[in-house]
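# Any chance you could fold what I've pasted below:
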Amino acid sequence: MIHRLSAGGHRAYLVGGGVRDILLNRNPKDFDVATDAHPEQIKNLFRNSREVGRRFRIVHIRFGREIIEVSTFRKQPSDTSAKNSGPVMDDNAYGSFEEDVMRRDFTINALYYDLINDEIIDLVGGITDLENNAIRIIGDPVKRFREDPVRMLRAIRFKAKLGFNLADDISKEIHRSGQLLEQIPAARLFEETLKLFMSGHAAKSFQALVQHGLFQRLFPRVETHFQNYASNQRLIELSLQSTDTRIKAELPVTVAFVLAAFLWGEFLNKKNHLQSNGMASADAIAQAGMNTVTEQQFSTSIPKRFSIPMREIWSLQFRLTIRRGKKAEKILSHRRFRAAYDFLILREESGEKLDNLGKWWTQYQDADEQQKEVLRSTIGGKRIANRRRVKPTYN
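Residues are numbered from 1 along each chain as shown. Predicted structure coming up:
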């Protein structure tokens, strides 16, 4: 690709995280290309390409299952926009190579590899920062975070992923400017949440977000329960550790499980409040689930494909306590049983007192029919007699 662009009279470089990861002896997730060629010129050179993007057009070139993102050099936003309080919206004009370097966010992501001459081009000290395990922003943090507040979350993600330290000016400005995330659409914040917690370094991301005061910007109601329920924070930490372990083992994961842990304390608080006001348990569970999701949507939106299974995991926590007769088998066959069971185990590990409920379900899953019958009739170490419901007689 680089050779074809070069043969067509264009400058082209590998850039970004792929170059950074190679220099760190990591396996690159993907590669991006920056070039002086415009999208229509790129498309003329590559039939297996298509344009994407509205504000700024880039080109995706497919090679088998791999997609290479090719973007034209972009210039920096105008100074007048940088002084505005909101995110910059006019950063869509083509620019020079030097301008493209300076508009990137962090020095470690502004390294360009010249494949033709086999050299790294570093205009901002990115290699030095890699050697020092430092995350440093290009330009003034105040201005750059105002241009795009999501850069604060990107800084946290790289800190967690790479094990690097944030430069002092970045760290201080994140604490001062966290409220700028309120300007970002909730849907975009959800996409950033996926990157933070579904990439194999969720536990460290959570720690860094809490440390720098950003977790409350994504989930405003969650930290209010940490002081009252220490087990709630522990549940979150355990769910994130479990997610990281599964990703490392290349096992399937879902953000619904993590979100269920994040919002469990708030859900319980709402459920208990509704019940204390006289609402029936089943209705309180359903209403609290809907209310919790609705409130969260104002900060970090949760698509239905995740909010529905999350609420099912919550609801099953109460059904798992009902184990007599055929109810245990019905629950065992539920499509969300495994996720609900795993969640139950983490609740116990976090410190919730559940009378060995998790142990019971662990035994029940592996038991034969005779053993299951014994387990169904022996709950909490006590033999439960079968009771037939007697119809009332009326005189």
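
# in what helix or strand does the most centrally placed residue in the chain lie?
Centroid-nearest residue in the chain: Leu194, 2.5 Å away (criterion: Cα atoms, centre = their mean). If you go by DSSP states H and E, Leu194 is part of helix 186-197.

# Just list what that helix packs against, helices and strands only.
Packed against helix 186-197 by the contact rule (3 or more Cβ pairs under 8 Å, 6 or more residues apart in numbering; DSSP states H and E) you find helix 150-162, helix 202-211, helix 255-276. Every C-beta, even on glycine, is put in place using the N, C-alpha and C of the backbone.

# Report the buried residues of the first one.
In other words, helix 150-162. Under the neighbour-count criterion of 16 or more other Cβ atoms under 10 Å, helix 150-162 has 150-162 buried.

# what's the answer for stretch 297-305, then?
Neighbour counts over stretch 297-305 (16+ other Cβ under 10 Å) mark 299-302 as buried.

# which one among the buried residues of helix 150-162 gets closest to His273?
Nearest to His273 among those is Leu153, at 31.7 Å by Cβ to Cβ.

# Quick one: neighbours of the residue nearest to that closest one when sequence neighbours are not counted, just the number.
What sits nearest to Leu153 in space, not counting adjacent residues and going by Cβ to Cβ, 6 or more residues apart in numbering, is Glu192, at 4.9 Å. Counted with other Cβ atoms under 10 Å, the neighbours of Glu192 add up to 19.

# quick one: pLDDT of Glu192?
Glu192 carries a pLDDT value of 96.

# Where does pLDDT dip in the stretch 251-395 of the chain?
380-395 (pLDDT under 70).

# any chance you could map the helices in it?
Here the stretch 251-395 of the chain has its helices, by DSSP state H, counting those that start in this stretch, at 255-276, 281-296, 304-319, 327-332, 337-350, 357-366, 369-377.

# could those go into JSON lines alongside distance to Ala93?
Formatted as JSON lines, these follow (distance: least, Cβ to Cβ, whole Å):
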{"stretch": "helix 255-276", "distance to Ala93": "36"}
{"stretch": "helix 281-296", "distance to Ala93": "37"}
{"stretch": "helix 304-319", "distance to Ala93": "37"}
{"stretch": "helix 327-332", "distance to Ala93": "59"}
{"stretch": "helix 337-350", "distance to Ala93": "47"}
{"stretch": "helix 357-366", "distance to Ala93": "58"}
{"stretch": "helix 369-377", "distance to Ala93": "68"}
